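Colleague: Build me a model from this:
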Amino acid sequence: MNFMRFLVLLMAAAPWLATAQWTSDDKWMVYGERAYRVFPPVCAAQGAVGSLMWSPDGRYQAIMRMSMDGLAQVYRDEIANPGSQKAVPPMTVVLEIYHPATGRTIPGGRWESKTPGEPPPAVGMEWMAGTSYLFVTVRQRSVNLLSPSGRTPGAPSQNTLERIDAGTGVRSVLMGAPDGDSITLGLSPTQPMGLAYYRQGEQLFGVLLQQNRLSDPVPLEGLGRATPGYPMWSKDGKRLGLASYVVSGNVYNEPRFHEVDLATLALREVPRFEPYEPPMLPIQGGVQSIDLSDRMGTAAKTAAAMIHGPMPQILPGLAPDQQPKAPENFTPAVMGFDAGTIAVDPTGRFVAYTSQGLALVSELVPVPLAIYEQAKAARERSEKLMQAKQVATGFLIYSADNDDNLPSNRADWQTLIAPYLRNNKLMEGFVYSFKGGSLMDVEKPSQTELGFISMPGGRIVAYVDSSVRWVPDVP
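Modeller: Numbering: from 1, shown residues only. Sure, this is the predicted structure:
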């Protein structure tokens, strides 16, 4: 009898595993009349990935992560030799560039703290439009968490502006700033140019960046005691503005706006400056908290990376029933769980996200809505086939425990079969049509109906031998 149970369970497991493998990779995003097939992800980088940034043309993905190699070795040594108290290694920030066209990831740069106890360098990154250049600002901080003074003796802050060619991985240090102030960078969203500035003493200096040139540092006059904010670019990306604030205690006063002459870097005060607003992408990403209680059987929540179409903006002055609504066909796609961040490339072809410390990239392929509807129907049919198969297998195991007898369809068959199923939800929608009795009296088990699940256009029919198949309605 036990051997019979094993064979029956093995018969049920094979189609379940095969179908589950297919459905786990079957992801779609739908918005209105558009549907996108989400292909299985590839791993672009691993190891405490923190941030992702696509190039404006979608050709490259910049990935920033923390290297845990040295720390992992310390832990391994401590386990092998307890009490060895090996020094904690410097912390390292790693930049890698992923090429989605080839699936290759190339190194971009590494920056490590100079001594144990220092926090990792603060690294910012920004792409230059129309080029393959990624500009990086690095601030090597002199704070030391293990030092009584809070600083590393004789270790000034090292602030640099660097450029990385994403195509080749070649890295160049363009300029450095004095101790005590970081470099602020603002690149045009549409033109291959930008502004970098830093403070030396009481004077603010600016440097104009172009594709392959840097201007000499020029004093930025006219701000007085104001603290500059980030550079702003106009809506066409060709004019540069700078907002500044006068700080009184902990209060920031109303900002002043200056337009920057791109030839001389001279500042001219203006009443206001309309900044560039990025266009609304047809595919958007976000990380949301998801409740997995129904799936896990216990209370469980996780951060899920999702993609979806544009969300309607709430218009002030309109009642809730008058607000714009999302289209009827609005189906987000869950990319992965335990997520930290997500980024859709500007062309809408790829989506990158982090999950459990990995940087994963999936390709998105637009398909006609009719193809999606066909795929959706096929998937639902496959799920119902799998459901009917498991219920039929449960009946078969029940019969093996009851001298090859099945219950009457007038009896409380759900209670009798429940112990033989993974969960009671499998019986939802299943109609038990067999009259009951001994299976030894059934002449053709593969043609004798056990039960069915109704669907649009037909039925999923399960037979006494536990086989299942789709039977379309007769016109």
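
Colleague: Please count neighbours and contacts with C-alpha atoms only from this point.
Modeller: Will do.

Colleague: Which element, helix or strand, includes Gly58?
Modeller: Assigned by DSSP states H and E, Gly58 falls within no helix or strand.

Colleague: Could you check what's spatially nearest to it, not counting adjacent residues?
Modeller: Asp345 (5.3 Å; C-alpha to C-alpha, 6 or more residues apart in numbering).

Colleague: Report the contact partners of that neighbour.
Modeller: Counting by C-alpha atoms under 8 Å, 6 or more residues apart in numbering, Asp345 touches Trp54, Ser55, Pro56, Asp57, Gly58, Val351, Ala352.

Colleague: and the fourth one, how many residues sit next to it?
Modeller: Taking other C-alpha atoms under 10 Å as the criterion, the count of residues near Asp57 is 13.

Colleague: is it true that it touches Thr347?
Modeller: Yes. Using C-alpha atoms under 8 Å, Asp57 is in contact with Thr347, at 6.8 Å.

Colleague: Quickly note the distance from the residue nearest to Gly58 to Met232.
Modeller: 22 Å (C-alpha to C-alpha, to the nearest Å).

Colleague: just to revisit the earlier point, just send the contacts of Asp345 back as CSV, with distance to Glu328 and pLDDT too.
Modeller: Compiled in CSV, the contacts of Asp345 are given as follows (distance: C-alpha to C-alpha, whole Å; pLDDT from 0 to 100):
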residue, distance to Glu328, pLDDT
Trp54, 30, 96
Ser55, 33, 95
Pro56, 31, 93
Asp57, 31, 93
Gly58, 30, 93
Val351, 24, 94
Ala352, 27, 95
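
Colleague: any idea which of those residues is the one closest to Glu269?
Modeller: Using C-alpha to C-alpha, Pro56 comes nearest to Glu269 of the contacts of Asp345, at 30.7 Å.

Colleague: check which helix or strand covers the closest one.
Modeller: Short version, using DSSP H and E: Pro56 is in no helix or strand.

Colleague: That one - how many residues pack around it?
Modeller: Pro56: 19 surrounding residues under other C-alpha under 10 Å.

Colleague: Number the residues from 15 up from this point.
Modeller: Taking 15 as the first residue, the last one we looked at is Pro70.

Colleague: residue contacts, it?
Modeller: Pro70 sits in contact with Trp141, Ala143, Gly144, Asp359, Pro360, where contact means C-alpha under 8 Å, 6+ apart.

Colleague: likewise Leu222?
Modeller: Met207, Gly208, Leu209, Ala210, Leu228, Ser229, Asp230, Leu276, Leu279.

Colleague: I'd like to know how far the closest residue to the second one other than its chain neighbours sits from Ala357.
Modeller: Nearest in space to Gly208, with sequence neighbours left out and distances taken as C-alpha to C-alpha, 6+ apart, is Leu201 at 4.0 Å. Applying C-alpha to C-alpha, the value for Leu201 to Ala357 is 19 Å.

Colleague: go on, Leu109?
Modeller: 16 Å.

Colleague: Would you mark the buried spots in the longest strand seen in the chain?
Modeller: Criterion DSSP state E: the longest strand present in the chain is strand 372-382. Neighbour-count burial for strand 372-382 flags Leu372, Ala373, Leu374, Val375, Ser376, Glu377, Leu378, Pro380 (criterion: 16 or more other C-alpha atoms under 10 Å).

Colleague: average pLDDT across that strand?
Modeller: Averaged across strand 372-382, the pLDDT comes to 92.

Colleague: Mind giving me the packing neighbours of the following helix or strand past it?
Modeller: Going down the chain from strand 372-382, the next helix or strand is helix 383-415, by DSSP H and E. Contacts defined by 3 or more C-alpha pairs under 8 Å, 6 or more residues apart in numbering; DSSP states H and E place helix 383-415 against helix 16-38, strand 48-52, strand 419-420, helix 427-431, strand 463-469, strand 472-477, strand 482-486.

Colleague: redo that, cut-off 7 Å
Modeller: Under the contact criterion of 3 or more C-alpha pairs under 7 Å, 6 or more residues apart in numbering; DSSP states H and E, helix 383-415 touches helix 16-38, strand 48-52, helix 427-431, strand 472-477, strand 482-486.

Colleague: Tell me how far it lies from the chain's centre.
Modeller: Centroid displacement of helix 383-415 relative to its chain, using C-alpha atoms, centre = their mean, to the nearest Å, is 31 Å.

Colleague: Give the buried residues for that helix.
Modeller: Quick answer for helix 383-415 (16+ other C-alpha under 10 Å): 383, 386, 393, 395-414.

Colleague: go on, stretch 121-134?
Modeller: Buried positions in stretch 121-134, judged by neighbour count with 16+ other C-alpha under 10 Å: 121-123, 125-134.
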